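Enquirer: with the sequence up front, the predicted model follows.
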Amino acid sequence: MVDLLGLEGSGAVAELMAGLGRQARAAAAGLARSTGAQRNDALEAAATLLRRRAPAILAANAEDVAAARERDLSAALVDRLRLDPERVEAMAAGLEAIAALPDPLGRVLAEWTRPNGLVIRRVSVPLGVIGIIYESRPNVTADAGALCLKSGNAVILRGGSESFASSTQIHACLEEAVRSAGLPEAAIQMVPTRERAAVGELLGGLGGCVDVVVPRGGRGLIERVQRDARVPVIGHLEGVCHVYVDRAADLEMARRVVLNSKLRRPGICGAAETLLVESACAGTHLAPLLAALLDAGCEVRGDATAQAADARVRPAEPADWPREYLDAIIAVRVVDGLDEAMAHIARYGSGHTEAIVTADPARAARFLDQVDSAIVLHNASTQFADGGEFGMGAEIGISTGRIHARGPVGAEQLTSYKYQVRGAGQVRP
């Protein structure tokens, strides 16, 4: 794929994008008639091609990473951009895992018979054409393309400029695999330009050719998509995730969960940004948890109690509680109990992912039932907020909305449904 940086004016970009939309709409019709076996063949072929072309993918990624460092992007952004042999293998394995999932299309979601003899079925179908706009992570090219293909949707991928070379190589594998399986070549398209005007065209729906847009990136991107999109949006604005250490928490378990939630990969949306510790266990748990974080290289911004427990803790400002750091920084607050912890999460959280560490099943049940976030966990790291960890093979993102999809968005969440009604000549009186 050539990077069409020489497009003259917005008119040329609009024409390019309109063509992608028309091709995607035609491909969606073909995909809706395809078999699950065909789509799985394409996914398995793509996995093979990713492994075979790993050297070319890594060479392209090295170019992207070098350019990102020249632009002085943050270490967290460079980490999200960087590929290595293990990450390429993980992409390939992810495609195979998606292929192994049950076919999400044609499922009978419900069936009933009316008194007049009509038999009604609710059956899963594709959404149609999906536009996906993402930043940094080139692996999203493989994950998003694969999930859309598995669910019978045509997709238009618009990756970030910083990952253009890497994503182009990955997309070439998907494109060849789709063709080899006898599926429409335009089933998985990638926007062949870094021109920013292409994003605006995609958000406009391409003349009715795009059915839904999924953004995956930083706050600036998500805010723009939610503000400018003329089609439905599936996604989340921020991942302000919390870990609450309850009075009945085992200290060693709490230490493992807190460290993993924050520091395994600080730059992902499922990373914990705030630690809440119940005052009833602060005397035994707070100082060791703070020391574990600080000794591991994490900056801690805490309330007065946290500052008193460890002199290395910096004062937390009001703006720290709702902040998504995406870095090795965490805010810490001591709360009076479960009710205050849940009130803090309700006020400052983003509805993404929250965890409680406790040995008390009743208090855990209250937390899981009453915290209104897409994902709530008991005695487990917030970094399990991931479609692959949920057994979905991969995810297109995390949705914090309440309409259509919530939590990890996998192949099943990229379907809608229709009603099939069978009769025997009935007419309505």
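Expert: Alright, I've got the coordinates.
Enquirer: CA only for contacts and neighbour counts going forward, please
Expert: Noted.
Enquirer: how close does residue 348 get to residue 89?
Expert: 37 Å (Cα to Cα, to the nearest Å).
Enquirer: which residue lies farthest from the center of the protein?
Expert: residue 429 (49.2 Å; Cα atoms, centre = their mean).
Enquirer: how near is that one to residue 140?
Expert: Relative to residue 140, and taking Cα to Cα, residue 429 is found at 53 Å.
Enquirer: over to residue 329?
Expert: Distance from residue 329 to residue 140, by Cα to Cα: 25 Å.
Enquirer: how far does stretch 75-94 sit from its chain's centre?
Expert: Chain-centre distance of stretch 75-94: 15 Å, with Cα atoms, centre = their mean, to the nearest Å.
Enquirer: now do stretch 38-46
Expert: 22 Å.
Enquirer: same thing with stretch 369-378?
Expert: That offset, for stretch 369-378, works out to 17 Å (Cα atoms, centre = their mean).
Enquirer: and the end-to-end length of it?
Expert: For stretch 369-378, the end-to-end distance is 11 Å (Cα to Cα).
Enquirer: break the chain into its domains for me.
Expert: What automatic domain parsing lists as the domains of the chain is 9-234+409-421, 241-384.
Enquirer: any idea how far apart the tips of the shortest one sit?
Expert: Across domain 241-384, the straight-line distance between its terminal residues is 12 Å, by Cα to Cα.
Enquirer: how much space separates the residue farthest from the centre of the chain from residue 116?
Expert: Counting by Cα to Cα - residue 429 and residue 116 are separated by 11 Å.
Enquirer: also residue 31?
Expert: Counting by Cα to Cα, the gap from residue 31 to residue 116 is 35 Å.
Enquirer: which parts of the regular element (helix or strand) spanning residue 369 are buried?
Expert: With elements taken from DSSP states H and E, the one containing residue 369 is helix 361-370. Within helix 361-370, the residues that count as buried by 16 or more other Cα atoms under 10 Å are 363-364, 367-368.
Enquirer: where do the helices of the chain begin and end?
Expert: 9-32, 36-52, 54-70, 75-81, 85-100, 139-150, 164-180, 197-203, 219-228, 251-263, 279-295, 304-309, 338-348, 361-370 (DSSP state H).
Enquirer: tell me the most buried of these?
Expert: With neighbours taken as mean count of other Cα atoms under 10 Å, the helices of the chain reach their highest mean count in helix 139-150, at a mean of 27.
Enquirer: which other helices and strands does it contact?
Expert: For helix 139-150, the elements it packs on are helix 36-52, helix 85-100, strand 129-134, strand 154-158, helix 164-180, judged by 3 or more Cα pairs under 8 Å, 6 or more residues apart in numbering; DSSP states H and E.
Enquirer: quick one on the thing from earlier: for residue 240, find the nearest of the helices of the chain.
Expert: Smallest distance to residue 240 across the helices of the chain (Cα to Cα): 7.7 Å, for helix 338-348.
Enquirer: on that earlier part again, okay, the helices and strands packed on helix 139-150 in a markdown table with distance to residue 274 next?
Expert: As requested, these are exported to a markdown table (distance: least, Cα to Cα, whole Å):
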| stretch | distance to residue 274 |
| --- | --- |
| helix 36-52 | 38 |
| helix 85-100 | 28 |
| strand 129-134 | 25 |
| strand 154-158 | 32 |
| helix 164-180 | 33 |
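Enquirer: format the ones you listed as a markdown table; extra columns: distance to residue 342 and mean pLDDT.
Expert: Below are the helices and strands packed on helix 139-150 laid out as a markdown table (distance: least, Cα to Cα, whole Å; pLDDT from 0 to 100):
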| stretch | distance to residue 342 | mean pLDDT |
| --- | --- | --- |
| helix 36-52 | 42 | 98 |
| helix 85-100 | 35 | 95 |
| strand 129-134 | 32 | 96 |
| strand 154-158 | 37 | 97 |
| helix 164-180 | 40 | 97 |
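Enquirer: and the ones you listed: which comes nearest residue 147?
Expert: Distance to residue 147, taken as Cα to Cα, is lowest for helix 85-100 among the helices and strands packed on helix 139-150, at 7.1 Å.
Enquirer: for residue 404, which of the helices and strands packed on helix 139-150 is the nearest?
Expert: With Cα to Cα as the yardstick, what comes closest out of the helices and strands packed on helix 139-150 is strand 129-134 (14.3 Å).
Enquirer: and residue 136, what is it in contact with?
Expert: 77-78, 80-81, 159-163, 217 (Cα atoms under 8 Å, 6 or more residues apart in numbering).
Enquirer: excluding its backbone neighbours, what's nearest it?
Expert: Closest residue to residue 136 apart from its sequence neighbours, by Cα to Cα, 6 or more residues apart in numbering: residue 81 at 4.9 Å.
Enquirer: now do the one you found against residue 140, distance only.
Expert: Using Cα to Cα, residue 81 is found at 10 Å from residue 140.
Enquirer: pull the CA atoms of the helix-or-strand element of the chain with minimal mean pLDDT into CSV?
Expert: Here the helix or strand of the chain ranked lowest by mean pLDDT, DSSP states H and E is helix 75-81, holding a mean of 84. Provided in CSV are the C-alpha atoms of helix 75-81 (Å, rounded to 0.1, in the frame of the first residue of the first chain):
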residue,chain,number,x,y,z
ALA,A,75,7.7,6.0,26.7
ALA,A,76,4.2,4.7,27.2
LEU,A,77,3.2,5.6,23.6
VAL,A,78,6.4,4.0,22.2
ASP,A,79,5.7,0.9,24.2
ARG,A,80,2.2,0.6,22.7
LEU,A,81,3.7,1.1,19.2
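Enquirer: what packs against it?
Expert: helix 54-70.
Enquirer: going by neighbour count, list what's buried in stretch 328-337.
Expert: Within stretch 328-337, judged by 16+ other Cα under 10 Å, the buried ones are 328-335, 337.
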